[in-house]
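Asker: Generate a structure from the sequence data that follows.
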Amino acid sequence: MVDLHFRIAPIGSLLQKEKGTCAEAKQPIRIMSRASPCGKAMWTGETGQPLKDVMVELLLPPLYWVLVEILENLAYLANASNLVLYLSKFMNFSPSASANIVTNFMGTSFLLALLGGFSSDFFSTYYIYIISATIEFMGLLMLTLQARIPSLRPPICASVNRNTPCKEVASGHTAMLFSGLYLVALGVGGIKGSLPSHGAEQFDENSPQGRKHRSTFFNYYIFSLACGALIAVTFVVWVEDNKGWQWGFGISTVAILSSIAIFLLGSGTYRIKVPTGSPITTIFKVLVAAFSNSLFPKNSIGNVLDTRETPQNSEISEEEEGHGERKAEIQTEVKDLKFIGKATVNNAPYPSLHCTVKQVQDVKIVVQVVPIFMSTVMLNCCLAQLSTFSVQQAATMNTYIGALKVPPASLPIFPVIFTMILAPVYNHIIIPFARAVTKNEMGITHLQRIGTGLFLSIVAMAVAALVEMKRKRVAEQSGLMNSTEPMPITFLWVALQYLFLGSADLFSLAGLMEFFFTEAPLSMRSLATALSWASLAMGYYLSSVIVSIVNHITGRFQRTPWLYGSNLNHYHLERFYWLMCILSGLNFLHYLLWATRYKYRSTKPDDERHQGDNTPSEA
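Answerer: Purely as a prediction, here's the structure:
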């Protein structure tokens, strides 16, 4: 067993410049800022080295990451998957209002991953995770108290007619509900923005084996998400439906608290990247400088480009070169986006807008991945339906499998189990076979994997429309259009759309996360990886927007809008699903336009830079 004794430094030391001589810097704990006179060590710890191959092979993925992610996703998804029923049955919101609240809550959770990613790059992934998990714990505790104490929520609606509205929730109850929900959202965003990058940073990207292990990490990260989801949509959802929501929220509260303890137990083995400053500041400065230099072209006449690494540092430390972290940043110059290139002049109009070539190249890379990011929003808009209308569809159907009554919110168990099976198969069978056939290190490229997910989302929406047509036909034939009685049709029909969308999520999310992490500059990796969750957020928001637009337009030409009222059986949900199918098809064509033109920044550099990795660079 390889002995790895990494030590965690206080956050204050991560943000301060090192003091003392270079000899003093060679003590077991090395904390050096980017501006250190003794070099630019990028990592804290006794050796600052990535995880060794032997350790990776024996403990891949590392046990503490798996447990932490399982518990974190359990805490979040246990409530998110069933929240639409809690809001409609216990908080007395209408089906459409409940659906919008859920999509807005989940959208905000994932959008705040950008804040988590930014904070992780500016501080460190280690501390941001701890802070975020604590915030989520406080939000879940608030929701638990509201579900437990009757005076903090409205009386339960006992109407037997689907067309009879229930008593509206009081403003005080609403305030407590939304306070708890959005504290959870803030915590979830911070975790999503820090934990994936924290795990991926442990692997050596300067060796083919390290990059393969990192790819495996992302696959098993999705596997861990599925494990947490499996417990959430089975055991916890059953507890919520049969024992009470206070128990469901309570389990989530204990789960997130346990994840913090487990994360801290693994602290001695972490490799933590030293913060290098705000990536948002760099992006903003480069864009403003480019715009300013375009307005005042006379200031750039005769100027030469500044090719230094950063404005503060031009030295390359022997230690950092030995670790290969500088070599990981070697890249082919991005020759497109000439407007942004105008930021690289020595005599900028304002000294504060001085930018180096490396800073401009970093921003160009980020700008280039934006079209890929935007192309995945529609896929996540489709995924939003799994947490809203699909659950409500299943609630009107026969949810028995033999003698076992399955809660409607447990429907995601089908894609979850499929993901748990497919993730290891994909990693250990499909990818090795693809590598042998394509002679490509990754086997299947990131963009091919994302494209597969987008195509599956088109199929899923078509299947959802056909299933809804069948469900309504059964309701009409059985005379149950206005009844609360379950229809004589099994809810397993709805599982088909869960299966296709779950498969789409497996391909797209892991592909997106690895794509953004691999392509992004070192100083922006947490922020870039958080774009995967931001895409999911925008998908949930877009779902709410599309529902509102559809209701507004259809309400002008019909007596009632497609998606309006308290009775789901009177919705034209099948038309909505067909619309989503068409939009997904157009989005897929849009994705192909950008994906076929994209040039990986790391393909050619990888082939060239690794030839000399065994030769140490001189300081």
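Asker: If you drop the residues flanking it in sequence, what lies closest to the spatially most central residue of the chain?
Answerer: Of all residues in the chain, the one closest to the mean position by CA atoms, centre = their mean is W533, 2.8 Å from it. Nearest in space to W533, with sequence neighbours left out and distances taken as CB to CB, 6 or more residues apart in numbering, is A113 at 3.5 Å. All C-beta spots, glycine's among them, are computed from the backbone N, C-alpha and C.
Asker: count of neighbours near that neighbour?
Answerer: Here the neighbour count serves as a burial measure; for A113 (other CB atoms under 10 Å) it reads 30.
Asker: hang on, it packs against L195?
Answerer: No. The pair A113 and L195 does not pass the contact test of CB atoms under 8 Å, sitting 10.0 Å apart.
Asker: Distance of V84 relative to L496?
Answerer: Going from V84 to L496 by CB to CB, to the nearest Å gives 20 Å.
Asker: partners of the longest strand along the chain in the sheet?
Answerer: Among the elements of type strand in the chain, defined by DSSP state E, the one spanning the most residues is strand 487-490. Pairing partners of strand 487-490, with direction, according to DSSP bridges: strand 397-398 (parallel).
Asker: pLDDT of the strand it pairs with, averaged?
Answerer: Mean pLDDT, computed over strand 397-398, is 88.
Asker: about what we covered before: give me the more crowded residue out of V84 and L496.
Answerer: Between V84 and L496, counted using other CB under 10 Å, the more crowded position is V84 (27 against 16).
Asker: Go ahead and confirm that one touches N104.
Answerer: No. With contact defined as CB under 8 Å, V84 and N104 do not form a contacting pair (11.9 Å).
Asker: measure F90 to N82 for me?
Answerer: F90 sits at a distance of 11 Å from N82 (criterion: CB to CB).
Asker: Also Y182?
Answerer: Distance of Y182 to N82, given as CB to CB: 18 Å.
Asker: Those two - which one has more neighbours?
Answerer: N82 (26 against 16).
Asker: so that one makes contact with E240?
Answerer: Yes. Look at N82 against E240 with CB under 8 Å: they come within range, at 5.6 Å.
Asker: sorry, back to before: so which elements touch the helix or strand hosting the residue nearest to the centre of the chain?
Answerer: Counting by DSSP states H and E, the element that carries W533 is helix 525-557. Contact partners of helix 525-557 among helices and strands, from 3 or more CB pairs under 8 Å, 6 or more residues apart in numbering; DSSP states H and E: helix 95-111, helix 113-122, helix 171-200, helix 357-375, helix 377-384, helix 495-519, helix 573-595.
Asker: Output the below-cut-off pLDDT ranges for the protein.
Answerer: 1-62, 156-170, 276-277, 296-336, 345-350, 387, 409, 602-619 (pLDDT under 70).
Asker: care to break it down by domain?
Answerer: Here the chain is described, according to automatic domain parsing, as comprising the domains 1-44, 53-274+366-605.
Asker: Now render these as JSON lines, adding distance to T344.
Answerer: What follows is the domains of the chain, written out as JSON lines (distance: least, CB to CB, whole Å):
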{"stretch": "domain 1-44", "distance to T344": "20"}
{"stretch": "domain 53-274+366-605", "distance to T344": "15"}
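Asker: Need the winner for burial among these.
Answerer: Each of the domains of the chain was given a mean neighbour count from mean count of other CB atoms under 10 Å, and the largest, a mean of 20, is that of domain 53-274+366-605.
Asker: and that one, how far out from the chain's middle?
Answerer: Centroid separation for domain 53-274+366-605 versus its chain: 9 Å, with CA atoms, centre = their mean, to the nearest Å.
Asker: Wait, F122 touches K273, no?
Answerer: No. Distance between F122 and K273: 11.4 Å, which falls outside the contact criterion (CB under 8 Å).
Asker: so how far is C381 from L542?
Answerer: Distance, L542 to C381, using CB to CB: 5 Å.
Asker: Quick one: residues contacting the residue nearest to the centre of the chain.
Answerer: For W533, the contact set (CB atoms under 8 Å, 6 or more residues apart in numbering) comprises 110-111, 113-114, 189, 192-193.
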